[in-house]
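In: Fold the following.
(one chain, ligands or ions: 2)
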Amino acid sequence: MTEKTLKVKTPIALTIAGSDSGGGAGIAADLKTFAALGVHGTCAITSVTAQNTTGVLKTFDLTPETVASQIEAVCTDMEVRWAKSGMLASSEIVREVAKEVKKYELSLVLDPVIAAEAGGNLLRKEAISVLTEELLPFCKVTTPNASEAGALAGMSVKTPEDAKIAARKIADLGVEAVIVTGGHLDATDLIYEADSETFTRVPGTFVKGGTHGTGCTYSAAVTAFLASGENLEGAARKAKKFVEQAILRSRPAGRGVSPVNQLGLILEEKERYLVLRELKEAVSILESSPDFSKLIPEVGCNIGMAIPEADSYEDVAAVEGRIVRHRDRAVPVGCVDFGASRHVARIILASLRYDPEVRAAINVKYSREALAACIDMKLGISSFDRAEEPENSSTMDWGTAEAIKKYGSVPKVIYDKGGKGKEPMIRLLGRCATEVAKLAVELAEKIQ
Ligand SMILES: Cc1ncc(COP(=O)(O)OP(=O)(O)O)c(N)n1
Ligand SMILES: Cc1nc(C(=O)O)sc1CCOP(=O)(O)O
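Out: Ligands and ions are numbered 1, 2, ... in the order given. Below you'll find the predicted structure:
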């Protein structure tokens, strides 16, 4: 038997939608979502919108033939089963898309895009009935928000009870399943499956952040999960979580509603990986130094590094169980992981509030000699006095902030001379874990 190079097949999905020049909604949102969820994204553009975060300025619809030709190019070459539609602009485009969906037996997720949140019509009024009568009956799923559900069902949707009534009415038009998203109601999405006449609630949380492109991103995520083999409920639950994360990680762009950030979670995961890799290297610098162990305090030493914009212990990686001295060598007790430190993590989190570049710290044994070596190395030094600490504060938070304020910026060295039952300590701060590890080794080499 001969060996083969096995390449796993990536699911392919198609988006039939408009382009948003501001990059927040439409095909831009769909393709980013597909990519973030490991699906190869293809597209058929229906309309080019001159749009930004403040609204839609102009729309330029493509001809139905142009739309059909893009769908044909994709479907005659690639194995596409799942597709989604967004902005369809006109009755003519809706009809053409219905034809293509039937021709290529596409399982369609229809996002009934009618208007942009920031303002601007995206579907002509007369096309709504064409959508409900000529396309919806051939769709697997539709994902309206409350106002879109109202427009499709011909009623006003203001409460979760209204959403239930609207979902049934929409399903009566022929679509297999309706998901009324709850962003404008109570953060709970409602799935109605026509076959079984069942409702399933998918609870969520209201999260703060930019929301431009939320509807497109949600329907694209449902499509991507279905294309990857999830069942409808699983796809809906995962898509909701995905959108919440994308809203949380949105970044300011423009003067209007900021776009959601589909790649934010992936980029954060990458940062976490880089921090762990950096920290492992830093720990091996400490382990291989013949001198460093003499700088390990009684309580042990820890070295930590945070991801950018960290705001909790879980965003700071350190050594589980700290680093201890054993036979004159530095020995890490456990592995490096996020959430493994309290003290060093608090020092880092406190200094991040003054300088987002300072993401790493290590604590080492205080001695007059060590402090003198820091001066000799021309390191910026500051200190705090535990006796001055206010009640009910955390020493690491308060002490770090005190030392920084006294110095005027984040110094390289923050020390304190201890207190009742508290060992005096020196902390070295820097941009990354290897920088502070090298500094600690250099300091150790300078003292006897
Ligand atoms: C080209 C284009 N398509 C769809 C929309 C609507 O997007 P949606 O995700 O519903 O987000 P908002 O625009 O409501 O923020 C769009 N704006 N442009
Ligand atoms: C006990 C202790 N105090 C420190 C100080 O800087 O005052 S550093 C330290 C040891 C490290 O603790 P962790 O593993 O929670 O980061």
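In: Buried residues, stretch 137-156. List them.
Out: By 16 or more other CB atoms under 10 Å, the buried positions in stretch 137-156 come out as 138-153. C-beta coordinates here come from the backbone N, C-alpha and C atoms, glycine included.
In: nope, stretch 321-333 is what I meant
Out: Within stretch 321-333, judged by 16+ other CB under 10 Å, the buried ones are Arg322, Ile323, Val324, Arg325, Ala330, Val331, Pro332.
In: three-state assignment of the residue most central in space within the chain?
Out: Geometric centre of the chain, nearest residue: Leu265, 2.6 Å, by CA atoms, centre = their mean. Following DSSP: H, G, I helix; E, B strand; the rest coil, we place Leu265 in the helix state.
In: Check the one 4 residues further on too.
Out: Here Glu269 is recorded as helix under three-state DSSP.
In: For the residue nearest to the centre of the chain, which non-adjacent residue is closest in space?
Out: Nearest in space to Leu265, with sequence neighbours left out and distances taken as CB to CB, 6 or more residues apart in numbering, is Gln245 at 4.7 Å.
In: number of nearby residues for the one you found?
Out: Applying other CB atoms under 10 Å, we find 19 residues neighbouring Gln245.
In: isn't Asp311 right next to Ala350, touching?
Out: No - counting by CB atoms under 8 Å, Asp311 stays clear of Ala350, with 11.5 Å between them.
In: more crowded one of the two?
Out: Counted by other CB under 10 Å, Asp311 and Ala350 do not tie: Ala350 has more neighbours, with 23 against 12.
In: mind listing what that one touches?
Out: Residues in contact with Ala350, defined by CB atoms under 8 Å, 6 or more residues apart in numbering, are Met396, Asp397, Thr400, Ala401, Ile404.
In: Around ligand 1, pick out the residues from this structure.
Out: Proximity of the chain to ligand 1, by CB under 6 Å from any ligand atom, involves residues 17-20, 25-26, 49, 51, 86-87, 113, 116-117, 122, 212-216.
In: So which of these are in helices?
Out: Among the residues of the chain next to ligand 1, DSSP state H puts Gly26, Thr214, Gly215, Cys216 in helices.
In: Now the residue in the stretch 251-400 of the chain positioned nearest to ligand 1. Nearest residue, chain neighbours left out?
Out: Residue nearest to ligand 1 within the stretch 251-400 of the chain: Val257 (6.0 Å; CB to the nearest ligand atom). For Val257, ignoring the flanking residues on the chain, the nearest one in space by CB to CB, 6+ apart is His212 at 4.3 Å.
In: residue ranges for the strands of the stretch 151-300 of the chain, please.
Out: Taking DSSP state E, counting those that start in this stretch as the criterion, the stretch 151-300 of the chain carries its strands at 177-180, 189-193, 198-202.
In: Single out the most deeply packed of those strands.
Out: Mean neighbour count (mean count of other CB atoms under 10 Å) peaks for strand 177-180 among these, with a mean of 28.
In: Parallel or antiparallel, list what pairs with that one.
Out: Strand 177-180 pairs in its sheet with strand 141-142 (parallel), strand 189-193 (antiparallel), by DSSP bridges.
In: Output those in CSV, with distance to Ile45 and mean pLDDT appended to each entry.
Out: As requested, these are arranged in CSV below (distance: least, CB to CB, whole Å; pLDDT from 0 to 100):
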stretch, distance to Ile45, mean pLDDT
strand 141-142, 21, 98
strand 189-193, 28, 97
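In: Reformat the ones you listed as a markdown table; add distance to His343.
Out: As requested, those are arranged in a markdown table below (distance: least, CB to CB, whole Å):
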| stretch | distance to His343 |
| --- | --- |
| strand 141-142 | 50 |
| strand 189-193 | 42 |
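In: residues in contact with the residue nearest to the centre of the chain?
Out: When contacts are counted by CB under 8 Å, 6+ apart, Leu265 touches Ala36, Phe242, Gln245, Ala246, Arg249.
In: Take those and keep only those in helices.
Out: Members of these lying in helices (criterion: DSSP H): Ala36, Phe242, Gln245, Ala246.
In: State the pair within the buried residues of stretch 321-333 that is farthest apart.
Out: Greatest spacing in the buried residues of stretch 321-333, by CB to CB: Arg325 and Pro332 (11.5 Å).
In: Return the set of residues that bridge with Leu110.
Out: Assessed by DSSP bridges, Leu110 has beta-bridge partners Ser85, Thr142.
In: Now do the same contact list for it.
Out: By CB under 8 Å, 6+ apart, the contact list for Leu110 reads Lys84, Ser85, Leu131, Leu135, Leu136, Cys139, Val141, Thr142, Thr143, Val175, Ser219.
In: cool, and Met87?
Out: Met87 makes contact with Ala17, Gly18, Gly26, Thr46, Ser47, Thr49, Val113, Leu122, Leu123, according to CB under 8 Å, 6+ apart.
In: 6 Å instead, please
Out: Ala17, Gly18, Thr46, Ser47, Val113, Leu122 (CB atoms under 6 Å, 6 or more residues apart in numbering).
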